[in-house]
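J.: One predicted model, sequence on top.
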Amino acid sequence: MGIVRLAICSIAFVAFGVIALVIAHPYLVKMAFRSQAEKDYLRHVSEGKTEVYVAYPELIERIVKDKQFAATVTTVHLLGPKGESMDFASLRELPNLATVTVDYCHEVETVISTLNTLKALKEVRFFFCFREEVILQSLDNPSLSEIAIHSHSPFANADQLVRETMDRLPNCMIKLTND
């Protein structure tokens, strides 16, 4: 009987441990991103550059908390955003943001909804985002003066989509390039 109790207690202990890890995992990941964001933020501030490279939204969230530094940021490079939590909504709080570059984004529509709301945005560039049609059909920010899309190869109906986008955004130049 003692061995059975020991086995049941061991199994219950392991089960509770697994449940605790499953519940705590998202919180631990969020805390790790916040810790890394603080380190990256301090590096950007010490470098004093107006151009920042960002791979996760927590870094932008940290930058906008510092209103003085946020006002100096004019260019943001988004590296590989993916998933609905990667819409980078905090970009809206960078008052002088003029250029956004998006690299290796497979779910580009999550970022475009934010880009469409940035009033000071003048240029947006996409490199290897693999959804060129979605980009041209979805971008609708009248303040844009340039859209650049770089992909591996030309995509179907590119000319038609460029014309439609230029009709919608008449003051915007569109560049399509490939290797």
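T.: That came through fine. Numbering: from 1, shown residues only.
J.: Please enumerate the strands of this structure.
T.: 51-54, 75-79, 99-103, 123-127, 146-151, 173-178 (DSSP state E).
J.: what is the mean pLDDT for stretch 170-179?
T.: Average pLDDT, stretch 170-179: 87.
J.: And stretch 28-35, by the same measure?
T.: Averaging pLDDT residue by residue across stretch 28-35 gives 75.
J.: Send me that stretch as PDB with only the CA atoms.
T.: Coordinates of each C-alpha in stretch 28-35 appear next as PDB, following Å, rounded to 0.1, in the frame of the first residue of the first chain:
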ATOM      1  CA  LEU A  28       7.800  33.800 -18.200                       C
ATOM      2  CA  VAL A  29       8.200  34.500 -21.900                       C
ATOM      3  CA  LYS A  30       6.600  38.000 -21.500                       C
ATOM      4  CA  MET A  31       9.000  38.700 -18.600                       C
ATOM      5  CA  ALA A  32      12.000  37.600 -20.700                       C
ATOM      6  CA  PHE A  33      11.000  39.900 -23.600                       C
ATOM      7  CA  ARG A  34      10.600  42.800 -21.200                       C
ATOM      8  CA  SER A  35      14.000  42.200 -19.700                       C
END
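J.: hmm, back to that, would you turn the strands of the chain into TSV with distance to residue 136 and mean neighbour count?
T.: C-beta: built from backbone N, CA, C; applies to glycine. Formatted as TSV, the strands of the chain follow (distance: least, Cβ to Cβ, whole Å; neighbours: other Cβ atoms under 10 Å):
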stretch	distance to residue 136	mean neighbour count
strand 51-54	24	18
strand 75-79	18	19
strand 99-103	14	20
strand 123-127	10	20
strand 146-151	8	19
strand 173-178	8	13
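J.: Turn those strands into CSV, including distance to residue 115.
T.: Shown next, in CSV, are the strands of the chain (distance: least, Cβ to Cβ, whole Å):
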stretch, distance to residue 115
strand 51-54, 14
strand 75-79, 10
strand 99-103, 6
strand 123-127, 6
strand 146-151, 10
strand 173-178, 15
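J.: which one of those lies closest to residue 45?
T.: strand 51-54 (10.0 Å; Cβ to Cβ).
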